[in-house]
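A.B. asks: below are the sequence and a predicted model; questions follow.
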Amino acid sequence: MTQPSVSPIHITKVNGNHIEQTVDLLAVEEPLEIRLGYGPDTLREQRRISVTMRTPGHDFELALGFLLTEGIIASPNEVYKIQYCTELNSIENKENIVRVELKPQVVIDFVKLHRNFYTTSSCGVCGKESIEAIRTSCQLRIENLELRIQKEIIIGLPNKLRAQQSVFEHTGGIHACALFDSEGNLKILREDVGRHNALDKLIGATYHTEFAEVFPSNNSILLLSGRASFELMQKVAMANIPIVCAVGAPSSLAVQTANEFGITLIGFLRGDRFNIYSGADRIA
């Protein structure tokens, strides 16, 4: 990956009566097209699955996480290769298109995929239909009733997140999510202009060899730098993460989804205060 995640720009800064010309840093936003390669070795086919606006970096993780959390593939073992589209002439264009090659024996039901994908993408359907679409792909309810996290560990998570947010430190305009173990140790952090992209990157990263001990895990805590929406809770349910903490507020459908799938959902995590919206038994 050669594309930067931060870009300088000349700006005019106004502070009261003082005006100056200076340089500011912005989070880069570029389109990423995700293509799927599938079919037998003798008849490979290709289909565009999604285009998302993201901050360049960890693109392969983003693609893998997206395919998993949207239920397009059931396991990372169905993938044998992820690469940039090398047939393109422009480096810039090449690194904005990722092709995920599935193993020849993997069969994709595109009719079912189309129906469930647009339902869980919040295209005008009701909450009941949205949750039912997740239930179709995710058969598991998180039942780790033995997991107990001390409230002091929860309170300390935001400071640990902020200390490691390199892109946010430069730009102040990017979302982050982080995965912690049950002792509050930071395992993985990802940033992106899109909160859903940051989470897809994080979930995709958990399948890398170096993070094999982290995921899937019934002992993980996910911290979101913003609010908890249905879209994010859908991905959490697919990833089997038991505890979600958000600095901001959850939506009503996010809470409904958390209750449906046995997820502990915490919101307004600021200072020494937070609200528990579901799964309070896991917090001691």
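C.D. replies: All right, it came through fine. Residues are numbered from 1 along each chain as shown.

A.B. asks: which ones are touching residue 224?
C.D. replies: Residue 224 is in contact with 175-177, 195, 199, 232, 244-248, counting by CB atoms under 8 Å, 6 or more residues apart in numbering. No exception for glycine: its C-beta is placed from N, CA and C like everyone else's.

A.B. asks: where does the stretch 51-200 of the chain have low pLDDT?
C.D. replies: The stretch 51-200 of the chain contains residues with pLDDT under 70 at 87-94, 112, 114-141, 144-145, 167-172.

A.B. asks: from the contacts of residue 224, pick the one nearest residue 108.
C.D. replies: residue 199 (22.7 Å; CB to CB).

A.B. asks: now that closest one, what's its secondary structure?
C.D. replies: helix (DSSP: H, G, I helix; E, B strand; the rest coil).

A.B. asks: so how far is residue 264 from it?
C.D. replies: 17 Å (CB to CB, to the nearest Å).

A.B. asks: which of the contacts of residue 224 fall in helices?
C.D. replies: The helices, defined by DSSP state H, take in 195, 199, 232 from these.

A.B. asks: neighbour-wise, which one of those leads?
C.D. replies: residue 199 (29 neighbours; other CB atoms under 10 Å).

A.B. asks: list the contacts of that one.
C.D. replies: By CB under 8 Å, 6+ apart, the neighbours of residue 199 are 65, 69, 177, 190, 222, 224, 232, 235-236.

A.B. asks: thinking again about what came up before, format the contacts of residue 224 as TSV; extra columns: distance to residue 6.
C.D. replies: Formatted as TSV, the contacts of residue 224 follow (distance: CB to CB, whole Å):
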residue	distance to residue 6
175	15
176	14
177	19
195	18
199	21
232	24
244	28
245	27
246	25
247	22
248	24
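
A.B. asks: put the buried members of the residues you listed into a ChimeraX selection.
C.D. replies: Burial among the contacts of residue 224 is assessed by 16 or more other CB atoms under 10 Å; the matching ChimeraX selection reads:
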select :175,176,177,195,199,232,244,245,246,247
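
A.B. asks: which residue ranges of the stretch 1-150 of the chain form helices?
C.D. replies: 59-69, 91-94, 110-120, 127-137 (DSSP state H, counting those that start in this stretch).

A.B. asks: burial of residue 155, as a residue count?
C.D. replies: Neighbour tally, residue 155, other CB under 10 Å: 17.

A.B. asks: gap between residue 259 and residue 234?
C.D. replies: Counting by CB to CB, the gap from residue 259 to residue 234 is 14 Å.

A.B. asks: more neighbours: which of the two?
C.D. replies: Legend: neighbour count by other CB under 10 Å for residue 259 and residue 234, higher for residue 234 (28 against 14).

A.B. asks: for the nearest residue to residue 280 once chain neighbours are set aside, phi and psi?
C.D. replies: The shortest distance from residue 280 to any non-neighbouring residue, by CB to CB, 6 or more residues apart in numbering, is to residue 264 (7.3 Å). Note on residue 264: backbone dihedrals following degrees, to the nearest 10 are phi -80, psi 120.

A.B. asks: mind listing the residues bridging to residue 264?
C.D. replies: Residue 264 forms beta bridges with residue 243, as assigned by DSSP bridges.

A.B. asks: hang on, the earlier thing: export the ones in helices among the contacts of residue 224 to a markdown table and tack on distance to residue 283?
C.D. replies: Shown next, in a markdown table, are the ones in helices among the contacts of residue 224 (distance: CB to CB, whole Å):
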| residue | distance to residue 283 |
| --- | --- |
| 195 | 23 |
| 199 | 22 |
| 232 | 20 |
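
A.B. asks: follow-up on the earlier one: nearest to residue 21, of the contacts of residue 199?
C.D. replies: Of those, the one sitting nearest to residue 21 (CB to CB) turns out to be residue 190, at 33.8 Å.

A.B. asks: now the closest one: closest residue in space, sequence neighbours ignored.
C.D. replies: residue 201 (3.9 Å).

A.B. asks: who touches the longest helix seen in the chain?
C.D. replies: For the chain, the helix with the greatest residue count under DSSP H is helix 151-163. The contact list for helix 151-163, computed with CB under 8 Å, 6+ apart, reads 168, 176, 178, 180, 182-184, 186, 189, 221, 223, 225, 245, 247, 266, 269-272, 274, 283-284.

A.B. asks: that's all I had, so thanks and see you.
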